[in-house]
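Student: Let me see the structure of the following:
(chains A and B)
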Amino acid sequence: MDMLLELLDKNSEFNLAQLAAMLNETEESIKNRIDKYKEQGIIKGYKALINWDKVPDSGVTAIIELKVTPKPETGFDDIAKIVTSYDNVESVYLAASSSYDLIATVKGRTIQEIAEFVSKRLSTLDAVIGTATNFILTQYKEGGVAFYDDDDNDEQRSLIL
Amino acid sequence: MIDYSKFLNDKICGIKPSGIRKFFDIANETDHVISLSIGEPDFTTPWHVRQEGIESLRKGHTWYSPNRGFSELCNQISNYYARRFGIEYNPDTETLVTVGGSEAIDLCIRTLIQDGDEVLIPQPSFVCYEPMTKMAGGKPIIICSKSENDFRLTAEEIEKNVTPKTKLLILPFPNNPTGAVMRRQHLEEIAKVVEKHNLLVLSDEIYAELTYGKERHVSFASIKGMRERTIVVNGFSKAYAMTGWRLGYALGPEEIISQMIKLHQYSIMSAPTTAQYAAIEALKHGDSDIEHMREEYDMRRRLIVDEFCRMGLTCFEPEGAFYVFPSIKISGMSSEEFCEQLIYSQHVAIVPGTAFGECGEGFARVSYSYSLKHIKEALERIERFVNKNP
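Tutor: Predicted coordinates for the structure are as follows:
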């Protein structure tokens, strides 16, 4: 896999000069490659990893499992796109599972708000046969980054000589 | 009140504590310090290696090992040196497993050096050679490696310092703290001087697996005629991220190793048993772990060298170990001042070059055995410091 993508996946804050140094390429070549990845729709954007648990009144997140009936021509795509179109839906995946087909993570201000969204917006869709809602209590890791504070191994090393 | 000074050994009392240690204490007293000062891998030991250690404990393998180390481990070490560096050692007679590379260095120096013997020690280098030489009654002769030679030791420098009393040359490459490596042609030139003056060589190859670029580490023992004059010291700490397991080894002529074993037998008895089981696994199946860690270090190395050069801290490109050794002369401060001010004003800890010998003045050791995120943050702070102190 391309190391450039792996680096950006871990930390998108590196500037072109730093990426160029690490990957032993010119800045121009890094820039061209990033532009191309954007054109191809491989790099879809950059965002911060926020530990919302530490932000007061930041709301709740739920993982919703959806059992759906696929359509003859488009399979799961049509229904997935409808679910995706809601602003409070953070991510949508098609799963290989015997109990459900789509997984969506949904953000809301309160548990009630999410419950209402599921019962009024998702369950009522024609293709949806059933839903299961899993509320998240604590987030330990996101995007490869652990959110608890004793993550840093460096603190455990004691210089001895 | 007892006057302990009457009891204490003068030689021991005369030895200075490590300069790294002293500096680390300053860093510890300051809040929110981000450090680039540690000289051990940030990786944890590969899981399959740890598992073998755990498995040996589960089976109840908790006894002493043979003095020399388990024969399977000696066999694996012997295979490893043949496979990676092209030199054959007899596992039954020319191999000794020790408590870290440090013990092997100590045993080697004490086995060879007696009162008045001179030992050639290139500096900047790891801190133990000089005190160990003194404790053995020897006389350390310091050779300053120069930045204009990419911190390599040259045959001429050795030639200039050899006397009829010179017995041993220490060859600490890849080098901590400079990151310098010796190429085959440099070693061949040194080999001629070693032969001419009938010297022995202690080749400390603990960073042998951490070299960057096309050329791999060349062991001094693999140079023609040098196997019989060389005691190779290596270990598991740096290559396999196994510092806490405390395991190293010495390879060399039977006549020397057999004397070193006596010292080891009476002072240490045997290296840790659990660590030896883990090390066998590391040697058998750990080549890809080394490669993975090496690639990661290499990326950090390129980042840090590039950033330092951009900041105006000239930095020779280190080709080995996991340190860069930038010149801080542009700041007009001494190494110690620079590092102290950096801690006080930006809370970044690096080690003054002088901790590795007086000829480290004007330089500082920066370790990149930290995550990219950590390095990036530290570099930003160092840049702020450099901009304020042009």
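Student: tell me what the host helix or strand of B:T133 is packed against?
Tutor: Taking DSSP states H and E as the criterion, B:T133 maps to helix B:129-135. On a contact count with 3 or more CB pairs under 8 Å, 6 or more residues apart in numbering or on different chains; DSSP states H and E, helix B:129-135 meets helix B:10-13, helix B:100-112, strand B:118-123, strand B:139-144. For glycine as for every other residue, the C-beta is placed from the backbone atoms N, C-alpha and C.
Student: and that helix, what's its mean pLDDT?
Tutor: Averaged across helix B:129-135, pLDDT comes to 96.
Student: now swap in stretch B:91-109 and tell me
Tutor: 98.
Student: Which positions within it qualify as buried?
Tutor: For stretch B:91-109, burial by neighbour count (16 or more other CB atoms under 10 Å in any protein chain shown) applies to B:91, B:94-109.
Student: got it, and stretch B:307-324?
Tutor: Applying 16+ other CB under 10 Å to stretch B:307-324 flags B:307-308, B:311, B:313, B:315-316, B:318-324 as buried.
Student: Then stretch B:18-35?
Tutor: B:S18, B:G19, B:I20, B:F23, B:F24, B:A27, B:V33, B:I34, B:S35.
Student: Do a quick rundown of the strands in chain A.
Tutor: With DSSP state E applied, chain A shows strands at A:60-68, A:89-94, A:102-108, A:128-135, A:141-142, A:145-146, listed in chain order.
Student: For chain B, give the residue positioned nearest to chain A.
Tutor: Going by CB to the nearest CB, chain A is nearest to B:D306 of chain B, at 3.4 Å.
Student: Is that residue within a helix or a strand, and which one?
Tutor: Judged by DSSP H and E, B:D306 forms part of helix B:287-311.
Student: so what's A:I136 closest to, chain neighbours aside?
Tutor: Distance criterion CB to CB, 6 or more residues apart in numbering or on different chains; nearest residue to A:I136, sequence neighbours excluded, is A:T61 at 4.7 Å.
Student: Quick check: bridge partners of the one you found?
Tutor: As for beta bridges, A:T61 partners with A:K107 under DSSP bridges.
Student: residue contacts, it?
Tutor: By CB atoms under 8 Å, 6 or more residues apart in numbering or on different chains, A:T61 lies in contact with A:W52, A:E90, A:T105, A:V106, A:K107, A:G108, A:F135, A:I136, A:Q139.
Student: Highest neighbour count among these?
Tutor: A:V106 (24 neighbours; other CB atoms under 10 Å in any protein chain shown).
Student: Run through the residues that contact that one.
Tutor: Contacts of A:V106 (CB under 8 Å, 6+ apart): A:T61, A:A62, A:I63, A:I64, A:Y86, A:N88, A:V89, A:E90, A:I114, A:F117, A:V118.
Student: what do you get for A:K31?
Tutor: A:L16.
Student: got any ranges where chain A has weak pLDDT?
Tutor: Scanning chain A for pLDDT under 70 picks out the ranges A:149-156, A:159-161.
Student: What of the stretch 1-150 of chain B?
Tutor: For the stretch 1-150 of chain B (pLDDT under 70), the answer is none.
Student: Get me the contact residues on it for chain A.
Tutor: Contact residues, the stretch 1-150 of chain B versus chain A (CB under 8 Å from any CB of the partner chain): B:18, B:20-21, B:24, B:35, B:37-40, B:42, B:44, B:126-128.
Student: domain assignment for chain A?
Tutor: Domain assignment for chain A, taken from automatic domain parsing, gives A:3-39, A:52-138.
Student: out of those, nearest to A:V145?
Tutor: Distance to A:V145, taken as CB to CB, is lowest for domain A:3-39 among the domains of chain A, at 8.5 Å.
Student: A:L125 versus the residue nearest to A:I136, what's the distance?
Tutor: Counting by CB to CB, to the nearest Å, the separation of A:T61 from A:L125 is 21 Å.
Student: who's in contact with B:S78?
Tutor: By CB under 8 Å, 6+ apart, the contact list for B:S78 reads B:E88, B:Y89, B:N90, B:P91, B:E94, B:T95.
Student: Next step: the residues you listed restricted to strands.
Tutor: Of the positions in the contacts of B:S78, B:T95 sit in strands, assigned by DSSP E.
Student: so what's the residue of chain A found nearest chain B up against?
Tutor: Ranked by CB to the nearest CB, the top residue of chain A for proximity to chain B is A:A21, at 3.4 Å. Contacts for A:A21 were tallied using CB under 8 Å, 6+ apart; they are B:R302, B:L303, B:V305, B:D306, B:E307.
Student: Quick check: nearest residue in space to the last one, chain neighbours excluded?
Tutor: Of all residues beyond its chain neighbours, the one nearest B:E307 is B:L379 (4.9 Å), with distances taken as CB to CB, 6+ apart.
Student: Verify the stated contact: A:F147 with A:K141.
Tutor: Yes. A:F147 is within contact range of A:K141, at 6.2 Å (criterion: CB atoms under 8 Å).
Student: neighbour-wise, which of these two wins?
Tutor: A:F147 (16 against 11).
Student: State the phi and psi torsions of the more buried one.
Tutor: Here is the backbone geometry of A:F147 (degrees, to the nearest 10): phi -100, psi -10.
Student: No further queries at this time; thank you.
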